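J.: my questions are about this predicted structure, shown below with the sequence.
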Amino acid sequence: MTSPLPMQASVQLWLYSLLLPWHRLLLSLYFRQVVIHGFDDLPVNGPVVLAPKHYSRWDPVVVSVLSVEPLRFMTNANQFDGIQGWLIQRLGAFPVDLARPKVSSFRYAVDLLRSRKKLVLFPEGGIVRDQPVRSLKLGLAHLVQQAEASTGFQIPVVPIAVQYEPGPRFRAKVSIQILPPLYFQHYWQGDKKTTIEVFTQAVERSLREGVQRLGAPTPLATH
């Protein structure tokens with residue numbers, strides 16, 4: 001039996017249900033087209049970790065189209081001020097200090113996976129526009145390893161490439177490339193430390209492959 005989630009995990013389902021059709025309408029009106037490739041590679045039920053390329057502030061809004069049920073987003077703590085913070089916290093986001101991540105945020109993410117939720121974690125650690133994919137840190141692999149150790153089941157990690165043509169702006173074409181799920185235990189090297197490093201490299205390679213399939217955009221300065 002799974003343990004109850006912390007209070008901040010309580011998505012307001014009435015609010016989510018109310019905004020869901022408006023979210024779809026917003027995407028259809030703002031963007032010229034949203035095309036999804038590889039949808040069959042996306043697990044239907046949790047637990048699962050979605051690991052998208054982070055190119056724009058639009059990414060969470062775009063990635064949300066992949067699921068009817070609420071996604072839980074590990075989100076930079078500086079995004080939780082004012083009305084925006086009130087809203088996104090009730091729609092599934094929870095804060096993490098990217099400069100000094102706290103153990104509590106890590107444990108909370110593990111609790112979400114233990115409760116079979118779908119977790120979105122941008123593995124580059126922030127918006128990256130000056131290169132196709134920034135080298136990934138080990139946090140994602142550590143999280144999956146810990147969650148699997150505490151649950152006893154394998155948790156798929158799904159790299160996702162996102163591209164905006166000609167850029168993340170009004171009437172752009174959005175392309176989403178879902179890559180096949182990766183499993184930590186499939187990369188077991190005999191010890192946890194080495195496996196975490198190898199698995200992180202595998203996630204990065206897959207994410208780069210997805211970006212290449214869509215056609216890597218011209219690097220821009222990060223704002």
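T.: All right, it came through fine. Since the model is a prediction, treat every value here as computed from it, not as a measurement. Residues are numbered from 1 along each chain as shown.

J.: give me the mean pLDDT for the helix of greatest length in the chain.
T.: The helix that spans the most residues within the chain, counting by DSSP state H, is helix 192-214. If you average the pLDDT over helix 192-214, you get 97.

J.: contacts for that helix, please.
T.: 37, 51, 53, 123, 132-133, 135-138, 140-142, 144-145, 157, 159-161, 163, 175, 177-180, 182, 184, 187-189 (C-beta atoms under 8 Å, 6 or more residues apart in numbering). All C-beta atoms are positioned from the backbone trio N, CA, C, and that covers glycine.

J.: now, the residues you listed that are in strands?
T.: Assigned to strands by DSSP state E, the following of the contacts of helix 192-214 qualify: 37, 51, 157, 159-161, 163, 175, 177-178.

J.: which among those residues count as buried?
T.: Among the ones in strands among the contacts of helix 192-214, those scoring as buried are 51, 157, 159-161, 163, 175, 177-178 (criterion: 16 or more other C-beta atoms under 10 Å).

J.: so Leu119, which of the three states?
T.: Three-state assignment for Leu119 (DSSP: H, G, I helix; E, B strand; the rest coil): strand.

J.: look up how far Leu214 lies from it.
T.: 23 Å (C-beta to C-beta, to the nearest Å).

J.: neighbour count winner among these two?
T.: Per other C-beta atoms under 10 Å, whichever of Leu119 and Leu214 has more neighbours is Leu119, with 25 against 19.

J.: tell me which residue is most central in the chain.
T.: With distances taken as C-alpha atoms, centre = their mean, the chain has Val120 as the residue nearest its mean C-alpha position (2.7 Å).

J.: so that one sits against Pro60, correct?
T.: Yes: taking C-beta atoms under 8 Å as the definition, Val120 is a contact partner of Pro60 at 7.1 Å.

J.: so what sits against both of those two?
T.: Between them, Val120 and Pro60 share the contacting residues Phe73, judged by C-beta under 8 Å, 6+ apart.

J.: could you report the neighbour count for Ile83?
T.: Using other C-beta under 10 Å as the criterion, the residues surrounding Ile83 number 7.

J.: pLDDT score for it?
T.: Per-residue pLDDT puts Ile83 at 91.

J.: in which helix or strand would I find it?
T.: Element membership of Ile83, judged by DSSP states H and E, is helix 82-90.

J.: so what's the gap between that helix and the chain middle?
T.: Going by C-alpha atoms, centre = their mean, to the nearest Å, the spacing between the C-alpha centre of helix 82-90 and its chain's C-alpha centre is 18 Å.

J.: tell me how far the residue located most distally from the centre of the chain lies from Val198.
T.: In terms of distance from the mean C-alpha position of the chain, Gly190 ranks first, at 28.0 Å (C-alpha atoms, centre = their mean). Distance of Gly190 to Val198, computed by C-beta to C-beta: 11 Å.

J.: surely Gly167 is within a helix?
T.: No: secondary structure of Gly167, determined by three-state DSSP: coil, with no helix assignment.
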